[in-house]
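# Give me coordinates for this.
(2 chains)
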Amino acid sequence: METKLYQLLESKSFNELNTTEKSYVLGLMSQKEYESSHFLLKQTKATFSEGLEVMEPNPLIFKDLKAVFNKKYGAKSRNRSFNLESILEIFLIHKKWSLVGLGALITIGFVLFEFSKESEITTTAMDISKIKNFSEMNKHLYLDDIYMEPDSITPINELNEME
Amino acid sequence: MGFFKSIQLKKLSDEKLVSQVRNGVEKAFEVLYRRYAKRMLFFFAQKLQGDQQLAQDFLQDLFIKVLEKLDTYNVEKSFAVWIYSIANNMCKNHYRKVGRSSVEWNDKSATPYETSSDFGHDDSNEVFLKRLNLALESMEESYREIYTLRYRENLTIQEISEFMQCPQGTVKSRLHYAIKALSVIINKQSNGN
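The predicted model follows:
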């Protein structure tokens, strides 16, 4: 039996078929045969799915199975880390949101990188009045490099006194 | 996080769930169990002549076997076929132990409705089911099995072909024969009453 005929038998009654489908079906079987086969499949599915609905596994079964599971995989389960495989699976399931998330992460990363570059620039500004002597000042201004004598620098408080 | 993980797992195929179970993900095992428990219970109830208690015991044993043998399962093959094969073998072994042949137990296989009064359903379905069972009993085992696997267990043609280890073309032609024969028998029964 052809797949198309199965699909029609399982989904449509003879009256629900369109003209093309009717002519296709009638090329393979009579209307009566189609109707009785469709009724059989429809009724079988309905009856079996009704039977399936009323089936209720004993809840204790799963509790026992969990114990078996933990006995076999318990240690593995406790030690299990979030591995690359599971991340990839999540990515593949939620492709759209994963791409949005990835885009957001890249943007945030870029902004943070740019911000951190700016914050690396340190200021050389200082309150010179708080510097007590030449050696201290030399730490900041590198006076040795320009061969400056310590006497050539007059602290601001002495300047005030001189005035 | 557990909630989202559970939703993600529900979207996975059986075979991917098995991989997760092998990695020790308990939620994956729970999803797999919930996906198959009712179907397998129904399968056992049918095969064990509606014995509900025995069917529940078989269900538990089946999943214990699944956990034990999971490392031997090839994820490139259908999980449904694998689990149905284990379940089918369990029933065969059971009837071998109690001294009946597989043909005999298959011939007498009944639905849970016939032996249990627990199920509420309308008369028309009950009458139809009795007629269907009578008609199925009169058929050769391979035809009956293909029909029930397709329309009771909802296996695809490809899965049935793997389960029965025969070409898809054979499955299709047997299914075609089964549908035709069953509808004729049921029609006769209806007209006779």
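# residues of stretch A:62-73 that come out buried?
Across stretch A:62-73, burial judged by 16 or more other Cβ atoms under 10 Å in any protein chain shown covers A:62, A:65, A:68-69, A:72-73. (C-beta placed from N, C-alpha, C; glycine too.)
# Any chance of a markdown table for the residues you listed, columns secondary structure and pLDDT?
Output for the buried residues of stretch A:62-73, formatted as a markdown table (DSSP: H, G, I helix; E, B strand; the rest coil; pLDDT from 0 to 100):
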| residue | secondary structure | pLDDT |
| --- | --- | --- |
| A:Phe62 | helix | 92 |
| A:Leu65 | helix | 92 |
| A:Val68 | helix | 90 |
| A:Phe69 | helix | 91 |
| A:Lys72 | helix | 84 |
| A:Tyr73 | helix | 82 |
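# In TSV, list these along with distance to chain B.
Formatted as TSV, the buried residues of stretch A:62-73 follow (distance: Cβ to the nearest Cβ, whole Å):
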residue	distance to chain B
A:Phe62	6
A:Leu65	5
A:Val68	5
A:Phe69	5
A:Lys72	6
A:Tyr73	4
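# Distance check, the residue positioned nearest the centre of chain B against B:Tyr33.
Centroid-nearest residue in chain B: B:Phe43, 4.1 Å away (criterion: Cα atoms, centre = their mean). From B:Phe43 over to B:Tyr33 the distance is 15 Å, taken as Cβ to Cβ, to the nearest Å.
# wouldn't the residue nearest to the centre of chain B be in contact with B:Ile86 here?
No: checked against Cβ atoms under 8 Å, the pair B:Phe43 and B:Ile86 is beyond contact range at 11.0 Å.
# which residues in chain A form strands?
Along chain A, counting by DSSP state E, no stretch forms strands.
# after the least confident helix or strand in chain B by mean pLDDT comes which helix or strand?
Averaged element by element with mean pLDDT, DSSP states H and E, chain B has its least confident helix or strand at helix B:112-115 (a mean of 39). As assigned by DSSP states H and E, the chain's next helix or strand after helix B:112-115 is helix B:123-137.
# for that next one, which positions count as buried?
Quick answer for helix B:123-137 (16+ other Cβ under 10 Å): B:125, B:128-129, B:131-133, B:135-136.
# Now do it: which elements does it pack against?
Contacts defined by 3 or more Cβ pairs under 8 Å, 6 or more residues apart in numbering or on different chains; DSSP states H and E place helix B:123-137 against helix A:31-53, helix B:112-115, helix B:141-151, helix B:168-192.
# at 6 Å instead, please
On a contact count with 3 or more Cβ pairs under 6 Å, 6 or more residues apart in numbering or on different chains; DSSP states H and E, helix B:123-137 meets helix A:31-53, helix B:168-192.
# shouldn't A:Glu35 be in contact with A:Asn15?
No: between A:Glu35 and A:Asn15 there is no contact under Cβ atoms under 6 Å: 8.9 Å.
# Run a quick neighbour tally on A:Phe14.
Around A:Phe14 there are 18 other residues, counting by other Cβ atoms under 10 Å in any protein chain shown.
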